[in-house]
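>>> Curious how this folds, go ahead:
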Amino acid sequence: MFKYQKRNTQMFKNSLQGFLSGLDVFGQPPVLRILKKSKFTTSTGFFCTSVITTICILYLIYQILQLYDRKNPLVVFSEYQVTDTAPFPLLMNNFTMAISVANLSLNTLTTLNTHFTITVKNCIRVRLIDEQTGKTRIQQNCTEYPTEACDDKHFVTNAQKNYFSSINLGYTQCMNSEQWNNSPPNLQGQIAGKSYQYISIMVQQCKNSTSYNQCAPIESIQEELKTGYYVVHLSDNLVQMKQPGNPFQEYISLQYTTMSIANSKTIIQNLKVTNVITDNGLITEDKSESSNLVQYTNRESQEGYNDEFLVLHYITLDQRQGEYSRSYAKVQAILSTIGGLYQVLFLSIYSILSPLIQKFVNLQMANKLFRFENANDSFDDDQIAQENFIIQSPKQQSSQRVLDFDIKKSSFSKSLGRSLKSKNFEKIQDSKTMSEYLKSKKQSLNLTLRDIIIMSLGCKKKEKMQIQYATDKFMSKLDVAYIISKIYEIDKLKLVLLNEDQLQLFNYLPKPVIPSALFGDDAENKIKEIEAKKAYQFILQDEKSDLLKLQEAFVSFAKLKKKKELTQIDRNIIEILDEDIIELFYTLNKDQSKLDQIFNQKLSLNLQVSEPDFKKSHSIADVDYSDDQPNSIPYLRSRS
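Next up, the predicted model:
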């Protein structure tokens, strides 16, 4: 059964395997190399990469410092309208209230309880719905908090102590500390809600009663309260979002308004509940919530004295609540930001460098696959071609086809004779100078990235056209259809060159073997043994240096020239060899000591073969030597 038939019988299994393979997100695509490199690097690209990396590292350090300082959180503010809320307790450490009555000079009056009185109450108003009748019944209860002269026991926070330390308290009144601690007052909801709690402060004219008769005469009271100020030291809070930890900063505001025995004034002051939700987590959420009161609105109304109060001050909650949600950058967010910054910088620089790098890649490919001759070499080759050009009729071409190789070698030999006069190989003395010569023989376009940039700006048009021409040439060879057709041609060529038995053996040739001795400690000692085995030759071919390849080519050329009869393939190979390399072979052969020094071993090969060596009954070529040059290079000439 053929393989494709076996695949057809296992279609479901193959489909399932293909589906499972598609789900593997870690599947590694094939990585191809060009010129033994997975990517092409340049100093400019390395510099830009270093700049991008440095910027990202500096930004990472900045973000870490910001995360540690916690001074720039992300803040979202919202307001909500509420009717019913939970009770907000007013404790001595979160609420400050000190009350006094002062004259026009803002000096506290000392006539408390003789000319005026101060009453502080915490009232709760509850709406009850009768289930039978459906009517609403309102129930209100008030708790009175006696006042006393303020002293240090009323101030427990640093803000309170610092504020009142510079104020002459005098007869300034505070709520009784013991009752305040035992039963703190509350603020809750709105007047239209089910439960409503507020604080009322009432300043009244002192009036005698059956239980109290210490009030001053009415004339003295009217004179004392003719005009003055109602003064309240009331707590407030600043919302500091940049402050890590507690977001509230307590401060105390001094509020005063005029009062008179002739008027009754009503003050409605709203405090807004402000909630701050803080997320302190570095990776996951870690939320904490804190609440406090912030002074919001203060409305006053005044009418003629109603014989009830001089000042009635209500402190209630505002119907709006504020909520701040602050969060700090998470570690994953910082990494994402850095990744985005890297992508932006990379794409910006990539859009500029990518065309230049691509041209640099094309240049390297062109230098690897082609040689570029200069104008002088091109002129000499054209002149030689014109000298060797002969117009022949088709019949003559047919009759002389056998002699084409000899004619070409004759003209080639003459050109080499002229070349020997102009070229000098005396500088080649050892393997180092030989390697330098072989490097120069590559005839590459030595252009830097700077030259490519200049080329992109319109300069160096000749080099640009050369690179473009070479690029078009090797890119045409990379066409998929072209590659497949060439593979089929190789299969056809095997059928033409090999018989059936040879073809079967050829198809069963083993894969190249990687020798284990190549990676041992004594690899240098075993290298000759490794090279001698046929199974290792395919692998070691790419490991050879240019100098070693030249040495092997020199030996093979010498052996080829010593053959009594050259095959057509031999002639074709010699014909297309580089003329300078052939000239180099003959030049090296003249000096055995230099030859041994260059290749670091004894090579006793003589290219000066004698004429009978090439003669055979069916041979059409022999060796010709110039009479005036006894050491001249032999060349093939046609028989007359």
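>>> which residue sits farthest out from the middle of the protein?
The centre of the chain is farthest from one residue, residue 210, which by Cα atoms, centre = their mean lies 86.4 Å away.
>>> Now that one: phi and psi?
phi -70, psi -30 (degrees, to the nearest 10).
>>> buried stuff in the helix or strand encompassing residue 163?
Element membership for residue 163, per DSSP states H and E: helix 158-164. Neighbour-count burial for helix 158-164, with 16 or more other Cβ atoms under 10 Å as criterion, is recorded at 159, 160, 163, 164. The way it works is simple: take the backbone N, C-alpha and C, and place the C-beta from them, glycine included.
>>> Closest to residue 114 out of the residues you listed?
residue 164 (25.0 Å; Cβ to Cβ).
>>> wait, that closest one sits on residue 156?
No. Taking contacts as Cβ atoms under 8 Å, residue 164 lies outside contact range of residue 156: 11.4 Å.
>>> Per the annotation, how does the protein divide into domains?
76-327, 378-427+544-640, 479-509 (automatic domain parsing).
>>> what's the first-to-last distance across the last one?
By that I understand domain 479-509. One end of domain 479-509 sits 29 Å from the other (Cα to Cα, to the nearest Å).
>>> same check, this time on stretch 450-470
20 Å.
>>> Off-centre distance for it?
32 Å (Cα atoms, centre = their mean, to the nearest Å).
>>> list the buried ones in it?
Buried-residue list, stretch 450-470, by 16+ other Cβ under 10 Å: 451, 452, 455, 460, 463, 464, 466, 467, 470.
>>> Name the nearest of the residues you listed relative to residue 511.
Closest to residue 511, out of all of the buried residues of stretch 450-470 and judged by Cβ to Cβ, is residue 470, at 33.3 Å.
>>> Please list all residues in contact with the closest one.
Each residue near residue 470 by Cβ atoms under 8 Å, 6 or more residues apart in numbering is listed here: 362, 365, 366, 369, 370, 372.
>>> sec struct for it, please.
helix (DSSP: H, G, I helix; E, B strand; the rest coil).
>>> Tell me the spacing between it and residue 371.
Relative to residue 371, residue 470 is positioned 10 Å away (Cβ to Cβ, to the nearest Å).
>>> Residue 362 too?
Residue 362 is 16 Å from residue 371, by Cβ to Cβ.
>>> Now which of the contacts of residue 470 would you call buried?
Among those, those buried by neighbour count (16+ other Cβ under 10 Å) are 362, 365, 366, 370, 372.
>>> low pLDDT regions in the protein?
1-9, 374-431, 437-442, 522-532, 534-539, 541-543, 591-640 (pLDDT under 70).
>>> What residues does the most centrally placed residue in it make contact with?
Most central in the chain under Cα atoms, centre = their mean is residue 342, positioned 3.1 Å from the mean C-alpha point. Neighbour list for residue 342: 52, 56 [criterion: Cβ under 8 Å, 6+ apart].
>>> try it again with 10 Å
Neighbour list for residue 342: 52, 53, 55, 56, 59 [criterion: Cβ atoms under 10 Å, 6 or more residues apart in numbering].
>>> Relative to residue 520, which of those residues is nearest.
Looking across the contacts of residue 342 and measuring by Cβ to Cβ, the closest to residue 520 is residue 53, at 39.7 Å.
>>> if I look at that closest one, how far off is residue 139?
For residue 53, the distance to residue 139 - Cβ to Cβ - is 72 Å.
>>> same deal with residue 322?
The gap separating residue 322 from residue 139 is 31 Å, by Cβ to Cβ.
>>> rewinding a little: overlap of the contact sets of residue 470 and residue 371?
In contact with both residue 470 and residue 371: residue 445, using Cβ under 10 Å, 6+ apart.
>>> how near is residue 550 to residue 579?
15 Å.
>>> related to what we said a few turns ago, and residue 53 and residue 139? Which one has more around it.
Per other Cβ atoms under 10 Å, whichever of residue 53 and residue 139 has more neighbours is residue 53, with 12 against 9.
>>> Which strand or helix spans the more buried one?
helix 43-69.
>>> how about that helix: buried residues?
Buried-residue list, helix 43-69, by 16+ other Cβ under 10 Å: 44, 45, 48, 52, 56, 63, 67.
>>> wait, which of these is closest to residue 306?
residue 67 (60.5 Å).
>>> give me the number of residues near the residue nearest to the closest one when sequence neighbours are not counted?
Among residues not flanking residue 67 along the chain, residue 329 sits closest, at 5.8 Å (Cβ to Cβ, 6 or more residues apart in numbering). Residues near residue 329, counting by other Cβ under 10 Å, number 18.
>>> which ones are touching residue 329?
Residue 329 is in contact with 63, 64, 66, 67, 70, 72, 73, 74, 282, 336, 337, counting by Cβ under 10 Å, 6+ apart.
>>> In this structure the first one contacts residue 338, no?
Think residue 63. Yes. The pair residue 63 / residue 338 is scored as a contact, 7.5 Å apart, by Cβ atoms under 10 Å.
>>> Can you measure across stretch 242-252, start residue to end residue?
OK, stretch 242-252 end separation, Cα to Cα: 21 Å.
>>> So for it, what gets flagged as buried?
Quick answer for stretch 242-252 (16+ other Cβ under 10 Å): 244, 247, 248, 250, 252.
>>> Let me know the closest of those residues to residue 150.
Proximity of the buried residues of stretch 242-252 to residue 150 was ranked by Cβ to Cβ; the top entry is residue 252 with 12.0 Å.
>>> Look at residue 272 and tell me its secondary structure.
Residue 272 ends up strand, using three-state DSSP.
>>> hey, what's it bridged with?
residue 294 (DSSP bridges).
>>> show me what contacts it?
79, 292-297, 317-322.
>>> and the residue nearest to residue 563 when sequence neighbours are not counted, how many residues sit next to it?
Nearest non-adjacent residue to residue 563, counting by Cβ to Cβ, 6+ apart: residue 570, 6.9 Å away. By other Cβ under 10 Å, 14 other residues sit near residue 570.
>>> Residue 570 and residue 560 touch, don't they?
Yes. With contact defined as Cβ under 10 Å, residue 570 counts as touching residue 560 (5.8 Å).
>>> How far does stretch 134-150 stretch from one end to the other?
Calculated as Cα to Cα, the first-to-last residue distance of stretch 134-150 is 48 Å.
>>> Please, where are all the strands along the stretch 151-300 of the chain?
With DSSP state E, counting those that start in this stretch as the criterion, the stretch 151-300 of the chain has strands at 173-175, 186-187, 195-205, 228-239, 248-259, 263-279, 287-304.
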